[in-house]
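Asks: What shape does this take:
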Amino acid sequence: LCAPSNTLFTPKVTEDNRYEVGIGIQPIRVTNISPSNNIAVVDFYLTIEYPLSESHDNVKCVGHLANDVWKRFYNPDIEMMTIHDPETVQGHHWMVENNRFAYMTRVKGSANIVGNFRYFPFDELEIPIIVAGEDSSAYMDLVPSEWYHEAASTDEIEISLEGIHVPGWRMENAFFTEVDSEWVSESGEYWDELGVTLAVKREPATKVARGLLPLLILVFVTFGSY
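Replies: Residues are numbered from 1 along each chain as shown. The predicted structure is shown next:
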């Protein structure tokens, strides 16, 4: 059941004649936040899932090459819009359960960050993990994965930040974002985007202790000597 097949299993078509592909994103690590370079290294689990148009036996396949997976199942060609040089660091796992396909991997790369550093060292920033799907043969909608994120709407999705610790920063929040940037190119390619945004706030205590406190001590010593 895990071997490549001559049958290509495609997503079930919705009422408006589109493929609805679920995306699951779970951040597991954030390192090297660099406001000066406008990047942060993010590590996250990525899930792609959808109901199948044809029946398929339940199966779990671990550690297979991505090429083997997409020879059997429709590939939505997920692009990392805000991640530079993404790499998959934990193989390619896929399964079918109750006629629903799910592909899982782990992605790591440098993400663009957005923030206002005017109030340093009390600044805040956002680290967006935005993905897009390309399909030149049929329209496709990206939605939060039902299999991975059990919620009625994006506002109700809870993304765990447990275990994510960044020295000098505090993880404030994480929320799903639906990016309204759909368009059709001259060649007929259709794009849809969504993602997860991490809200991060700087811990000012270290900066104050290293910068402001020595300066105050120097001022007091100077005036004391005077």
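Asks: wait, residue 157 sits on residue 149?
Replies: Yes: counting by CB atoms under 8 Å, residue 157 does reach residue 149; the two are 4.8 Å apart. Any C-beta I mention is one placed from the backbone N, CA and C, and that applies to glycine too.
Asks: joint contacts of these two?
Replies: residue 176 (CB atoms under 8 Å, 6 or more residues apart in numbering).
Asks: need the contact list for the closest residue to residue 192 other than its chain neighbours.
Replies: Once flanking residues are discounted, residue 192 sits nearest to residue 142: 4.6 Å by CB to CB, 6 or more residues apart in numbering. The contact partners of residue 142, by CB under 8 Å, 6+ apart, come to 21-23, 76, 131-133, 192-194.
Asks: out of those residues, which are inside helices?
Replies: Assignment to helices by DSSP state H places none of the contacts of residue 142 there.
Asks: Please narrow the residues you listed to those residing in strands.
Replies: Mapping the contacts of residue 142 onto strands (DSSP state E) picks out 21-23, 131-133, 192-194.
Asks: per-residue confidence averaged over the longest helix along the chain?
Replies: When the chain is parsed with DSSP H, its longest helix is helix 213-225. The average pLDDT within helix 213-225 is 75.
Asks: CA atoms only for that helix, dumped as CSV, please.
Replies: Taking C-alpha atoms only, helix 213-225 is exported to CSV below (Å, rounded to 0.1, in the frame of the first residue of the first chain):
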residue,chain,number,x,y,z
LEU,A,213,22.1,50.2,34.6
PRO,A,214,25.9,50.7,34.0
LEU,A,215,25.1,54.1,32.4
LEU,A,216,23.2,55.2,35.5
ILE,A,217,26.0,53.9,37.8
LEU,A,218,28.5,55.9,35.8
VAL,A,219,26.3,59.0,36.0
PHE,A,220,26.0,58.7,39.8
VAL,A,221,29.8,58.1,40.2
THR,A,222,30.5,61.1,38.0
PHE,A,223,28.2,63.5,39.9
GLY,A,224,29.5,62.0,43.2
SER,A,225,33.1,62.8,42.3
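Asks: Since that was my last question, I'll sign off now.
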